[in-house]
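J.: Structure for the following, please:
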Amino acid sequence: MTNERPVLAVTMGDPAGVGPEVIVKALECSEVWDICRPVVVGDARWLEEARRIVGTQRPVRALDAISQAGSGESVDVLDLANVNAGRLERGRVSPEAGQAAYEYIHRAVRLALEGEAAGVVTAPINKEALHAAGVPYAGHTEMLAALCAAKDVAMLLVSGKLWVSHVSTHVSLRQAVERVNVERIIRVIGLTHEALRRMGLGTPRIALAGLNPHAGEGGLFGNEEADIISPAAEAARAEGMDVTGPYPPDSIFLRASQGEFDAVIAMYHDQGHIPIKLLGFYEGVNVTLGLPIVRTSVDHGTAFDIVGTGRADERSLVAALRLAAQMGGDG
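T.: The predicted structure is shown next:
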């Protein structure tokens, strides 16, 4: 990079959702410009409409190349010009919106892989719209893994002091239980350990949540803790990592939020998402581990019910930009 502030490619998300609105609101925050140079990968005309809805001051400026990123006087957009305002309705699922959202992500990932951006920060997408557009991925995590040819990825959620990685994410609960195996848990531990080290922690303290109530209660409520999770913890310790557990899921997240651990490994989607969203819904950040690029995201959806009102909260995006700048600052 030619500037000490990293360039971050910010995808506009589903144009029918709140992504455009939270982007223009977040880019009014002076802190953002102090730590990075954000460039939106999206549609300039649609962002201009979002700016009018929200009432922000910075004008939208279309760029031909990400290298033209400015100093903060405008909302800089690598303009794909792929939103047909006559066909797209805010707050509605549509294949046009799903296709546009995919195109933003595809371009942003290319920019990061080619070294033109230090990281990718994503606004929310709608999985139903992606499906309607024929995009064959369950969500950002799976799509990014495919675009980056990454074999093993994991979702990490961050809110304040609480860091939570997930053994599985967008699958049914039945499938999630089936995916709890020693090899996968060890891999997620390793990815989490690596991310925490990158953030400056010399010896991260990682706790494993149990799968069953009371972490199995000695086998009374299930044997996965003894047969799968504990052996994974032992294997990670043998590799020099500070890993303990499994602990009862109903208490381990509180203990971690109070500073006893640096991260918790959740066994499935809701087990990890619920404590994060309860403790910091408006400032949660989603990170994809295991990619060759930095990727952070807001930890909320497209919020179709409030699109066009200007009420969408930008704090999660500001937090995602802040974390991406920290992680990609050496890029």
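J.: Next one: the closest residue to N181 other than its chain neighbours relative to G219, how far apart?
T.: Leaving out its chain neighbours, the residue that sits closest to N181 by C-beta to C-beta, 6 or more residues apart in numbering is I228, at 6.2 Å. Any C-beta I mention is one placed from the backbone N, CA and C, and that applies to glycine too. Remark: distance between I228 and G219 (C-beta to C-beta, to the nearest Å) = 13 Å.
J.: More neighbours: those two, which one.
T.: Per other C-beta atoms under 10 Å, whichever of I228 and G219 has more neighbours is I228, with 19 against 12.
J.: Tell me if I'm right that the more buried one and V182 touch.
T.: Yes - shown here, I228 and V182 form a contact pair, counting by C-beta atoms under 8 Å, at 5.6 Å.
J.: Tell me the confidence at the residue nearest to M241 when sequence neighbours are not counted?
T.: Leaving aside its sequence neighbours, M241 sits nearest to H193 (C-beta to C-beta, 6+ apart; 5.2 Å). Note for H193: predicted pLDDT of 96.
J.: again with N3
T.: 51.
J.: Same question for P59.
T.: Looking at P59, its pLDDT reads 94.
J.: show me the contacts for it.
T.: Neighbouring residues of P59 by C-beta atoms under 8 Å, 6 or more residues apart in numbering: R51, S74, V75.
J.: For PyMOL, write the selection for the buried entries among those.
T.: Provided next is the PyMOL selection string for whichever of the contacts of P59 are buried by 16 or more other C-beta atoms under 10 Å:
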select buried, resi 51+75
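J.: Need the contacts of P59 in TSV (columns: distance to A320 and pLDDT).
T.: Listed next are the contacts of P59 as TSV, based on distance: C-beta to C-beta, whole Å; pLDDT from 0 to 100:
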residue	distance to A320	pLDDT
R51	20	95
S74	21	92
V75	16	95
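J.: What's the mean pLDDT across stretch 315-331?
T.: For stretch 315-331, mean pLDDT is 86.
J.: Now it: buried residues?
T.: Quick answer for stretch 315-331 (16+ other C-beta under 10 Å): 315-329, 331.
J.: between those, which is nearest V287?
T.: Nearest to V287 among the buried residues of stretch 315-331, counting by C-beta to C-beta, is L323 at 6.9 Å.
J.: now what about whichever strand or helix holds the closest one, what contacts it?
T.: Assigned by DSSP states H and E, L323 belongs to helix 315-328. Residues external to helix 315-328 that are found in contact with it (C-beta under 8 Å, 6+ apart): 5-6, 8, 10, 22-23, 25-26, 29, 31-32, 35-36, 38, 118-123, 158, 198-199, 282-287, 294-300.
J.: Distance check, F253 against A132.
T.: To A132, F253 is 35 Å away according to C-beta to C-beta.
J.: Which helix or which strand is home to the residue nearest in space to the middle of the chain?
T.: What sits nearest the mean C-alpha location of the chain, by C-alpha atoms, centre = their mean, is N286, with 2.6 Å. Using DSSP H and E, N286 sits within strand 285-289.
J.: CA atoms only: put that strand into CSV for me.
T.: Presented in CSV, the C-alpha positions along strand 285-289 are these (Å, rounded to 0.1, in the frame of the first residue of the first chain):
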residue,chain,number,x,y,z
VAL,A,285,-18.5,-8.2,13.9
ASN,A,286,-18.3,-11.3,11.8
VAL,A,287,-14.8,-12.5,10.7
THR,A,288,-14.1,-15.4,8.3
LEU,A,289,-11.1,-17.4,9.5
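J.: Following the chain past it, name the next helix or strand.
T.: Heading C-terminal from strand 285-289 (DSSP H and E), you reach strand 295-298.
J.: same for that next one, what does it pack against?
T.: Judged by 3 or more C-beta pairs under 8 Å, 6 or more residues apart in numbering; DSSP states H and E, the packing partners of strand 295-298 are strand 119-122, helix 140-147, strand 285-289, helix 315-328.
J.: any chance of the ones you listed in TSV, with distance to Q57 too?
T.: Shown next, in TSV, are the helices and strands packed on strand 295-298 (distance: least, C-beta to C-beta, whole Å):
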stretch	distance to Q57
strand 119-122	21
helix 140-147	30
strand 285-289	26
helix 315-328	17
